[in-house]
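*Asks:* Sequence plus predicted model, see below.
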Amino acid sequence: GLSIDHQSILILCWEDMHQRRGNQVPETDHGIHHLSLSSTRRRTHPSVNGVGKQSSKVGFAMLLVVLFSALMAVEFIAYRMLGATSASSSTADSTTTSSDGAAQIINTAVHDTNNNPPPKQTAQIPTKHPTKVTHHTFEPSTKQNGWRAKAARRDSNENSLFWKTHTPDPLPPLPPDTDPETGAQLPPVIAYVTTLTKCGPKHRGGLDGAAVLLHSIRRNSYGWVPIQEQFEQADNTKKGDENSMPPQYGGHGGRYRYRAYVIVDPLASPQNQGKSGECARFLQKIGYTVLHRPPLVPLFEITDQDNDGNEGNQFYTELKDLGHVGMQRPNDGLTAVRPGEHPDKLRKMMHNDGCCGYTELLKLHVYGMVEHELAVHLDFDSLLLRPMDDLFDAMLGKGDETIRSKLPLAKLPRTKEVDLTRPIDAAFTRDYNSVNHPDLDAPVGYQGGFLVVRPNLEVLERYRTILRRGEFLLGPRDGWAGKH
């Protein structure tokens, strides 16, 4: 356990050499005549530990480099294996397209007796997601990505099992339509709804947005006293008391009452112990009413193999009877299953498409909130800057018809003429920001972050029928049944 420094070791070796030769040990420059081990201090030179630590760091860095190289090699091999089938498929499709194009040019040259130049061939503008010029609605799925279908089925089964022991939350009773003190008629209660599908670390950042959204709803609804009136109503004798002073900022109020809801997926249920339920519990504390809701239609069929010995409640039986996505897909026609199409292709795509996958459609449950005359769905990152009273009046057919007819609408390429003298069933915006190549004729989808509807159970059932038929055209992207 004895350790000595480098200088002591050199001195010992130097003295030993002179003693073996029979020479007298000369005095060194340091004034040291003799050094014994017993007089050596027990210490470790700092440079020894430094070298060890540096070697450990180098070894750890080399290990990271080796692991990273192995990961890159695996990804490269997987890329080559997965790309082989799609590459051959693309080659065949492009060959077919070229052949058809050549045939059209030949026919034109044969039948054109006026020696007119052939029509100019216009090249298609490449997009971020190129579409094939074939009649296939889906490209064939390879065996390598079959794990995605298994993962989608597993998540769907876990969601279905939740409803064996749970039922959708009923809406709490609405407040009275009349003022209990004055007997005056009160305005309708608008349902403001948002959706919570997960509660991971990256999802908790939106909780601040949900709180700000709720505050903006309050300040633009009935019952919020504008700040000017608050100052007028304040007691002049108490203006020096901070507790009695009106808030520094405030909205102008509105003519409609409100109630805030949050639709939650079982993965984000406040009943979940631990962090996965923290988001919903926070939203409950700040004023949202939590509503557990199942998928409109199960993504995959609920089979007896999914049972765990528990038959479940009555609602679970009803959910099972709804069927699943794509169960009524036509056998022929444009939207029929194509040769080589994977049977779970659509379900696999819907499982993890976009930010929220299939749970994105939970927001359509606003159509089931028939206790309210109107329901507004807003994402967490939305914000109300002023009341939407004019829009609500137009949708409910209330107020002066002349004023309703002057409701300002955005003049955009897809904007249609609206008869504002009649009640309106839904109001929405289109997602122009998602168009790869903006054009007057470019297909533009609906923006799911903002939706105002008149709740109707018949409309909700029509959405279920659309999902059961599963007629989604991908190439080209014509949407559901080639229309939406």
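*Replies:* Cool, got the structure. Numbers count the residues shown, from 1 in each chain.

*Asks:* who touches stretch 346-365?
*Replies:* With contacts defined as CB atoms under 8 Å, 6 or more residues apart in numbering, stretch 346-365 is touched by 138, 141, 148-149, 151-152, 155-156, 193, 195, 197-198, 263, 265, 291, 293, 295-296, 299-300, 324-326, 342, 377, 448, 451, 460, 463, 467, 470, 472, 474. Just so you know, the C-beta spots here come from the backbone N, C-alpha and C atoms, and that holds for glycine as well.

*Asks:* one more time with 6 Å
*Replies:* For stretch 346-365, contacts defined as CB atoms under 6 Å, 6 or more residues apart in numbering pick out 148-149, 152, 195, 197, 263, 265, 293, 296, 299, 325-326, 377, 463, 470, 472.

*Asks:* do the same with stretch 399-415
*Replies:* Against stretch 399-415 from outside (CB under 6 Å, 6+ apart): 390, 393, 394, 420, 421, 430, 440, 444.

*Asks:* Equivalent analysis for stretch 416-424, please.
*Replies:* So stretch 416-424 is contacted by 394, 395, 397, 401, 404, 405, 407 (CB under 6 Å, 6+ apart).

*Asks:* Format the contacts of stretch 399-415 as JSON lines; extra columns: neighbour count and secondary structure.
*Replies:* Listed next are the contacts of stretch 399-415 as JSON lines, based on neighbours: other CB atoms under 10 Å; DSSP: H, G, I helix; E, B strand; the rest coil:
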{"residue": "390", "neighbour count": "16", "secondary structure": "helix"}
{"residue": "393", "neighbour count": "18", "secondary structure": "helix"}
{"residue": "394", "neighbour count": "25", "secondary structure": "helix"}
{"residue": "420", "neighbour count": "18", "secondary structure": "coil"}
{"residue": "421", "neighbour count": "11", "secondary structure": "coil"}
{"residue": "430", "neighbour count": "17", "secondary structure": "strand"}
{"residue": "440", "neighbour count": "7", "secondary structure": "coil"}
{"residue": "444", "neighbour count": "18", "secondary structure": "coil"}
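
*Asks:* ok, so of those residues, who is nearest residue 333?
*Replies:* Of all these, residue 333 sits closest to residue 444, with 25.8 Å by CB to CB.

*Asks:* What values do phi and psi take at the residue lying closest to residue 284 once chain neighbours are set aside?
*Replies:* Once flanking residues are discounted, residue 284 sits nearest to residue 290: 5.7 Å by CB to CB, 6 or more residues apart in numbering. With angles defined as degrees, to the nearest 10, residue 290 sits at phi -80, psi 130.

*Asks:* Relative to residue 180, how far out is residue 290?
*Replies:* 27 Å (CB to CB, to the nearest Å).

*Asks:* Those two: which is more packed in?
*Replies:* Neighbour count, other CB atoms under 10 Å: between residue 290 and residue 180, residue 290 has more, with 18 against 9.

*Asks:* So what sits opposite that one in the bridge?
*Replies:* residue 262 (DSSP bridges).

*Asks:* so what pLDDT did it get?
*Replies:* Reported pLDDT at residue 290 in the predicted model: 97.

*Asks:* My guess is residue 454 contacts residue 425. True?
*Replies:* Yes: using CB atoms under 6 Å, residue 454 is in contact with residue 425, at 5.2 Å.

*Asks:* Quick check on the two: which one has the bigger neighbour count.
*Replies:* Higher neighbour count among residue 454 and residue 425: residue 454, with 19 against 13, using other CB under 10 Å.

*Asks:* How about the contacts made by the more buried one?
*Replies:* Neighbours of residue 454 in contact, by CB under 6 Å, 6+ apart: residue 425.

*Asks:* Which stretches in this protein count as helices?
*Replies:* For the chain, helices defined by DSSP state H occupy the ranges 6-20, 46-111, 146-162, 206-219, 227-233, 278-286, 314-321, 345-351, 389-396, 401-405, 457-469.

*Asks:* Not counting its neighbours along the chain, what's nearest residue 159?
*Replies:* residue 266 (5.9 Å).

*Asks:* Can you get me a residue count around that neighbour?
*Replies:* 20.

*Asks:* Which pLDDT value does the model give it?
*Replies:* pLDDT, read off for residue 266, is 95.

*Asks:* unless I'm mixing things up, it is touching residue 164, no?
*Replies:* No: look at residue 266 against residue 164 with CB under 6 Å: they stay out of range, at 11.1 Å.

*Asks:* which intervals of the stretch 101-250 of the chain have sub-threshold pLDDT?
*Replies:* Within the stretch 101-250 of the chain, the segments meeting pLDDT under 70 span 101-146, 203, 226-250.

*Asks:* try 50 this time
*Replies:* 101-141, 144, 237 (pLDDT under 50).

*Asks:* Next, find the distance separating residue 430 from residue 422.
*Replies:* 22 Å.

*Asks:* and what of residue 432?
*Replies:* Distance of residue 432 to residue 422, given as CB to CB: 27 Å.

*Asks:* Neighbour count for those two, which is higher?
*Replies:* Higher neighbour count among residue 432 and residue 422: residue 432, with 15 against 10, using other CB under 10 Å.

*Asks:* who touches the nearest residue to that one once chain neighbours are set aside in this structure?
*Replies:* In space, and not counting its chain neighbours, residue 432 is closest to residue 444: 5.8 Å by CB to CB, 6+ apart. Taking CB under 6 Å, 6+ apart, we find residue 444 in contact with 414, 430, 432, 435.

*Asks:* how does it look with 8 Å?
*Replies:* By CB under 8 Å, 6+ apart, the contact set of residue 444 is 413, 414, 430, 431, 432, 434, 435.

*Asks:* And it, its phi and psi?
*Replies:* In terms of degrees, to the nearest 10, the main-chain angles of residue 444 are phi -120, psi 120.

*Asks:* close enough to count as contact, residue 197 and residue 269?
*Replies:* No: look at residue 197 against residue 269 with CB atoms under 8 Å: they stay out of range, at 10.9 Å.

*Asks:* Buried ones in stretch 351-369, by neighbour count?
*Replies:* Residues of stretch 351-369 classed as buried: 351, 356-359, 361-369 (neighbour count, 16 or more other CB atoms under 10 Å).

*Asks:* Please disregard the earlier target; I meant stretch 277-292.
*Replies:* For stretch 277-292, by 16+ other CB under 10 Å, it's 277, 279, 280, 282, 283, 288, 290, 291, 292.

*Asks:* Pretty sure residue 272 is one of the things the residue nearest to residue 284 touches, is it not?
*Replies:* No: the criterion here is CB under 8 Å, and residue 290 misses it with residue 272 at 11.9 Å.

*Asks:* Could you verify my assumption that residue 470 touches residue 323?
*Replies:* No: in this structure, residue 470 is not within contact of residue 323 by CB under 8 Å, at 10.4 Å.

*Asks:* okay, those two: which has more neighbours?
*Replies:* Counted by other CB under 10 Å, residue 470 and residue 323 do not tie: residue 470 has more neighbours, with 22 against 17.

*Asks:* Any figure for the gap between the more buried one and residue 335?
*Replies:* 8 Å.

*Asks:* again, but for residue 160
*Replies:* Separation of residue 160 from residue 335 (CB to CB): 26 Å.

*Asks:* out of the two, which sits in the busier spot?
*Replies:* Per other CB under 10 Å, whichever of residue 160 and residue 335 has more neighbours is residue 160, with 24 against 18.

*Asks:* excluding its backbone neighbours, what's nearest that one?
*Replies:* Leaving aside its sequence neighbours, residue 160 sits nearest to residue 302 (CB to CB, 6+ apart; 5.0 Å).
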